[in-house]
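>>> The following block contains a protein sequence and its predicted model.
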Amino acid sequence: MSELKRVRKAVFPVAGLGTRFLPATKAVPKEMLTVLDKPVIQYAVDEARKAGIEHFIFVTGRNKAVIEDHFDLAYELQDTLEKRDKKEAIETLSQYQPRPGETSFTRQQAPLGLGHAVWCARELVGDEPFALLLPDMVMKDEKGCTSGMIDLYNQTGGNIIATEEVAWEETHQYGVIEKGEKVASGFEVTGMVEKPAPGTAPSNLFINGRYILQPEIFDLLEKQKPGAGNEIQLTDAMLTLAKSQKFYGHVFEGETFDCGSKAGFIRANIAYALDDPGIRGEVLSDLKKWVLSRFLSL
Ligand code: G1P
């Protein structure tokens, strides 16, 4: 195998309208809704940084400028906190502060689908492999899904898709892959389909929103015709790329919360709250009370 190029950059598509969360998302992007004390987007950025990513590329849209503000230095706030000697708050801010030049932003000018959003990042990614993280999927795991994928990539090269098992009756909501032979810590991907019609999925392993892709995907996306939902689908372009390059699957074994849905968002909040020693006891005792009272009143 020729020498592997390191995965240094990550792309975060954050142009979605978030209509499922209206009216909350009328003026606030869905990626800025908070799970415990961090906006949803911060979880994906932290996961990427943990995996060694050095450059963070955001594909935004209209009304998303506050995401850029979130990753900027808040000079006035910093100054006020320093004057008031709020050391803990200053430390919290600095812990999440990207260094100058580590972030880039571009806009998807029309909502033409995930494939189109990724294509919008082509100039910022350039000619190197990159990680792609769909921020709606908040992944709770000590190691991080992207770190596990980089480990596999370092053994296999090529393209990596993270997958998880899902109930068969939910497969039509996702991209689904077909599993081939075991390779290193993962397996060969022998097929994929975007939102298969009920009863037709090749497996119950769904594409969970984390990818490592080679830059040849961009030329394919440029030519890609609309697919499922009349949108330019990343999965369709990956299928074409799979004719000339290898794709490997990584099974993620942590917990994933789909924060693009209300139930997933609430579950993420509960899971992170129960892990926070400062509020765990309070939340747990209320949860018990609510569950018991509803259970007993059945
Ligand atoms: C996208 C991908 C799909 C993947 C899903 C994960 O779909 O196209 O393959 O399974 O993200 O969240 P979307 O959620 O944009 O419909």
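That came in fine, so what should we check first? Residues are numbered from 1 along each chain as shown.
>>> From residue 286, how far off is the closest residue to the ligand within the chain?
Nearest to the ligand in the chain, going by C-beta to the nearest ligand atom, is residue 175, at a distance of 2.3 Å. For glycine as for every other residue, the C-beta is placed from the backbone atoms N, C-alpha and C. Distance of residue 175 to residue 286, computed by C-beta to C-beta, to the nearest Å: 37 Å.
>>> Look at the two and report which has more neighbours.
residue 175 (24 against 10; other C-beta atoms under 10 Å).
>>> Just list the residues touching the more buried one, thanks.
Residues in contact with residue 175 (C-beta atoms under 8 Å, 6 or more residues apart in numbering) are 192-195, 206-207, 234-235.
>>> Which one (most neighbours) among these?
Comparing these on neighbour count, residue 234 comes out first with 29 neighbours (neighbours: other C-beta under 10 Å).
>>> Which residue is the nearest non-sequential neighbour of that one?
residue 115 (4.4 Å; C-beta to C-beta, 6 or more residues apart in numbering).
>>> Report the secondary structure state of the one you found.
Classification of residue 115 using DSSP: H, G, I helix; E, B strand; the rest coil returns helix.
>>> what's around it, how many residues?
Residues lying near residue 115 (other C-beta under 10 Å) number 24.
>>> Distance of it relative to residue 213?
11 Å.
>>> how about the residues of the stretch 101-250 of the chain near the ligand?
Counting by C-beta under 6 Å from any ligand atom, the stretch 101-250 of the chain comes close to the ligand at 114, 134, 137, 174-175, 194, 206-209, 233-235.
>>> Return the set of buried residues in stretch 145-161.
For stretch 145-161, burial by neighbour count (16 or more other C-beta atoms under 10 Å) applies to 145-153, 156-161.
>>> typed the wrong thing, it's stretch 260-279
By neighbour count with 16+ other C-beta under 10 Å, stretch 260-279 contains the buried residues 260, 264-265, 267-269, 272-273.
>>> So for it, mean pLDDT?
Taken as a whole, stretch 260-279 has a mean pLDDT of 96.
>>> before we move on, back to that, export the buried residues of stretch 260-279 to JSON lines and append columns for secondary structure and distance to residue 141.
Shown next, in JSON lines, are the buried residues of stretch 260-279 (DSSP: H, G, I helix; E, B strand; the rest coil; distance: C-beta to C-beta, whole Å):
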{"residue": "260", "secondary structure": "coil", "distance to residue 141": "19"}
{"residue": "264", "secondary structure": "helix", "distance to residue 141": "16"}
{"residue": "265", "secondary structure": "helix", "distance to residue 141": "18"}
{"residue": "267", "secondary structure": "helix", "distance to residue 141": "15"}
{"residue": "268", "secondary structure": "helix", "distance to residue 141": "13"}
{"residue": "269", "secondary structure": "helix", "distance to residue 141": "17"}
{"residue": "272", "secondary structure": "helix", "distance to residue 141": "12"}
{"residue": "273", "secondary structure": "helix", "distance to residue 141": "17"}
